[in-house]
Structure formats: structure tokens, C-alpha cells
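Asker: got a predicted model here, sequence first, then my questions.
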Amino acid sequence: MTLSGYEALFFWIFALAAIFAGLLTVMARNAVHSALFLISSLVSVAALFVLSGAEFIAGVQILVYVGGVMVLFLFVIMLVNVGAEERGRDEIFNKSKQVTASLIFCFLLVGGVLYAVSEAYPALQALHQQRTTPEAIAAQKAARERSFPAGATRTSRITDDTERVGNSLYRYASLPFEIASVLLLVAIIGSVMLARTLKQEASADDVDPETLQEEIAADPELAKLEPRTE
Amino acid sequence: MLSSLIPILAFLFQEADRGRLAQTWQAATHPDLSKFLVIGALLFIIGVAGVLTRRNIIVIFMSIELILNAANLNFIAFSRYLQETGSVNAIAGQIFTVFVIVVAAAEAAIGLGIVIALYRNKETIWVDEIDLLKW
């Protein structure tokens, strides 16, 4: 895979945007700012997905992450509003000894990964160059693109990438797909259970009677709640 | 268009080693798999640093999302690479990415539920004050 021309320009723009937004996510003092920087980082990564020909995944990324997960994050940040952080009273990083140790570890990790990529990548290229030359790849790609019908504006062609993703998802990954649906169900039920207050639990008659008696002693309001029975 | 800039740059850096400069410029204007891997690695490290250094548990969760995204970027880049070099099921990288996104969504829902419950009971979201399980 080699990008060229405008694709390369956009690659560098979005790659730098993703990395800087990621850095600012980690370093922002206000958690809401962190969330907004994370959103811009996710959108930049989605643009990189588009550049590598995964338009469907880019759409899913924006819909699920930005539309779902990050809205959830913002809700929780605003529920758990901690003012001291914004006003600059509290330290946002951990104790300095731990921070130094973890940063040293991170730099070692950076060095290791970059070294591994620079060492292993030529070997990988050589492995694949034996099988296919770049010219053959380009010719194959052009032939595939010609086989697609043109779009309404006649400037681009309608690809079948999304179709192929759907096909593979149901053919090769149908069991993981079903397991993922069960996982999401468990997550929904679990988060509802976790986020209930004692009052809500008491009104659903879901509290141990002894515990309820103790809590009523502390908060007489609870005694007024009629346990709902079906 | 970008390749037309090479003579201009070569003119500006006449003293520099021309072959090597042109090579670097060629690599920069034609980003390949290794560039995607490096970007993914940097995003991953930023996420790891966030998890290890921040005190706010919500920001730690966001850093985890960043780590998962770096993994997704690698999956997509390898998927594209294998599509071009003719692999059997090269689209599998994209399928993996879909599942990673699903798991990330479930993890965020559960994790934030835990944060809400924790804040209700302990009135703090600083991880160095949450030491109930610490011996």
C-alpha cells in the first residue's frame, strides 16, 4: 500500500492531527476539554481509515465512538463534576516518582516499537515483493476499479468494499457476531444495575431487609417508599 | 503535484546529499504501511502514558479508548496491505476492527457505570484516593 499525491498530503495532516489531539487529551486539565480532544483524535483516525480504503469502518467509528461513546463520556463528566481540577487547585498527574517511572517506560516502548518497525518492515516488503511487483499490484487495482459501475457524478466509482465487509462478517465471523450481541446485552443490563441508587433499589424491592432497616435509620425518606410488586 | 517540489527542495539544499534527500522526500510523499504502523505506535504510547500518569479516572478511560484506536489503525493498515498483496481473507482486519469497536462500547458503558457508583459512594474520581482494595 502506497499513498501518493493528495492522499499523502492528507495522510500527514490527519496523522499529525490525531497525534496532537491525543497528546492534548492526556494533558488537558479540564476533563471536558480532554473529551473534545479525544473526539477530534477519533475523527482524524477515521479519516486515516478512509485513506486506507475502509470507508465503512470510518463511518462506524464516527457513529459509535463520537456519536455514542463520547456522548456517554461527556454525560458522566458532567454528572461527576469536579471543579477543583479546572480551577487549578489539584494536581492532574499522579505523584512525580510514578510519573517519571512510567514516562521512562513509555520512551523505552517507543524506541522498541520504532526499532522493530524499521527492522522488520524491509523484510516484510521483500517477502511480498517476491510474490507481486508494484506494477502488477497497480494493474490489478486498476482492473478492479474499471469493473465497478460509475457513480452519479461520473467522477468516482461505486466500490464493493462495504459489501465485502458485510459478507465476511456473516460468513466467517457469524459466531463472534452473535457473541458480541450477547456482550452488548450484558453491558446494558450491567450498567443499569451499577448505576442504580439505593432509593431505586428499594423501590424495586431489591435490597436485603437488614440493610434496608439500617439505611432507614440513617435516611427516614426510604421508609416511605412502597415496594412495587407486579 | 508534490513530486514537482523535489527540484525546488534540491535547489535549496544543494550542499546536502542529494540522493539521500530525494529518498527521504520520496518516502514522505509516498507513505506506506510502515508510516501507518508508526502513527499507530505513537497513539498507543500516548494512551499508555495517559493511563499511567493521570489521576482522573474518566481521563484514564479515554486513554484506553485511544489505545484501542491505535490497534484499530494497525488492523486497517494491515488489511489494506494484504488486500494489495493478495491474501486469502484480507478483509478480516476490518472485521476485527468492528469487534474492537463493539467491545470498546461495552467497556465504556460498564466502566462509566462503575465510575458513577464509585462517585456516589466515595465522592472521589482520583485514582490515588480509590484504595479500598489496597492492602
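Answerer: Right, received. Where do you want to start?
Asker: quick one: neighbours of residue 125, just the number.
Answerer: Defaulting to chain A. Residues within reach of A:Q125, counting by other Cβ atoms under 10 Å in any protein chain shown, total 15. In this view, the C-beta of every residue, glycine as well, is placed from N, C-alpha and C.
Asker: not what I meant, chain B
Answerer: 24.
Asker: which non-adjacent residue is nearest it?
Answerer: B:I57 (4.9 Å; Cβ to Cβ, 6 or more residues apart in numbering or on different chains).
Asker: need the contact list for the one you found.
Answerer: Neighbouring residues of B:I57 by Cβ atoms under 8 Å, 6 or more residues apart in numbering or on different chains: B:115, B:118, B:125-127, B:130.
Asker: let's see 7 Å
Answerer: Going by Cβ atoms under 7 Å, 6 or more residues apart in numbering or on different chains, B:I57 touches B:115, B:125, B:127.
Asker: out of those, which are inside helices?
Answerer: Applying DSSP state H to these, the entries found in helices are B:V115.
Asker: how about the residue most central in space within chain B, phi and psi?
Answerer: In chain B, the residue lying closest to the centroid (Cα atoms, centre = their mean) is B:A70, at 2.4 Å. Main-chain torsions, B:A70, degrees, to the nearest 10: phi -60, psi -40.
Asker: tell me the pLDDT of the residue nearest to B:I125.
Answerer: pLDDT, B:I57: 90.
Asker: what's the answer for B:I45, then?
Answerer: pLDDT, B:I45: 92.
Asker: that one against A:L109, yeah?
Answerer: Yes. Taking Cβ atoms under 7 Å as the definition, B:I45 is a contact partner of A:L109 at 5.7 Å.
Asker: check contacts around A:L109.
Answerer: So A:L109 contacts B:45, B:48 (Cβ under 7 Å, 6+ apart).
Asker: pLDDT below threshold where in chain A?
Answerer: Along chain A, segments meeting pLDDT under 70 span A:1, A:82-90, A:129-135, A:137, A:225-230.
Asker: please read the previous query as pertaining to chain B.
Answerer: Scanning chain B for pLDDT under 70 picks out B:1-18, B:86-88.
Asker: and A:S156, how close does it get to A:L3?
Answerer: Between A:S156 and A:L3 the distance is 17 Å, computed by Cβ to Cβ, to the nearest Å.
Asker: burial of residue 100, as a residue count?
Answerer: No chain specified, so I'll use chain A. A total of 11 residues lie near A:T100 under the criterion other Cβ under 10 Å.
Asker: oops, wrong one, chain B.
Answerer: 16.
Asker: before we move on, the earlier item: relative to A:M78, how far out is the residue nearest to B:I125?
Answerer: In this structure, B:I57 and A:M78 are 15 Å apart, going by Cβ to Cβ.
Asker: equivalent analysis for A:V207, please.
Answerer: According to Cβ to Cβ, A:V207 and A:M78 sit 28 Å apart.
Asker: higher neighbour count, the two?
Answerer: Under the neighbour definition other Cβ under 10 Å, A:V207 and A:M78 were set side by side, and A:V207 has more, 17 against 11.
Asker: excluding chain neighbours, what is closest to the more buried one?
Answerer: That would be A:E201: by Cβ to Cβ, 6+ apart, it lies 5.1 Å from A:V207.
Asker: quickly find the element holding the one you found.
Answerer: helix A:198-203 (DSSP states H and E).
Asker: list the buried residues for that helix?
Answerer: A:198, A:201-203 (16 or more other Cβ atoms under 10 Å in any protein chain shown).
Asker: can you map out the strands along chain B?
Answerer: Ranges of strands within chain B: none, based on DSSP state E.
Asker: just checking, next helix/strand downstream of the helix holding A:E201?
Answerer: Tracing the chain past helix A:198-203, the next element assigned as helix or strand by DSSP H and E is helix A:209-218.
Asker: tell me how far that following helix is from the chain's mean position?
Answerer: With Cα atoms, centre = their mean, to the nearest Å as the basis, helix A:209-218 stands 42 Å off its chain's centre.
Asker: touching chain B at all, that helix?
Answerer: No. Against chain B, helix A:209-218 shows no contacts by Cβ under 7 Å from any Cβ of the partner chain, the least distance being 12.8 Å.
Asker: tabulate the buried residues of helix A:198-203 (TSV), appending distance to A:L63.
Answerer: Putting the buried residues of helix A:198-203 into TSV (distance: Cβ to Cβ, whole Å) gives the following:
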residue	distance to A:L63
A:L198	35
A:E201	33
A:A202	38
A:S203	35
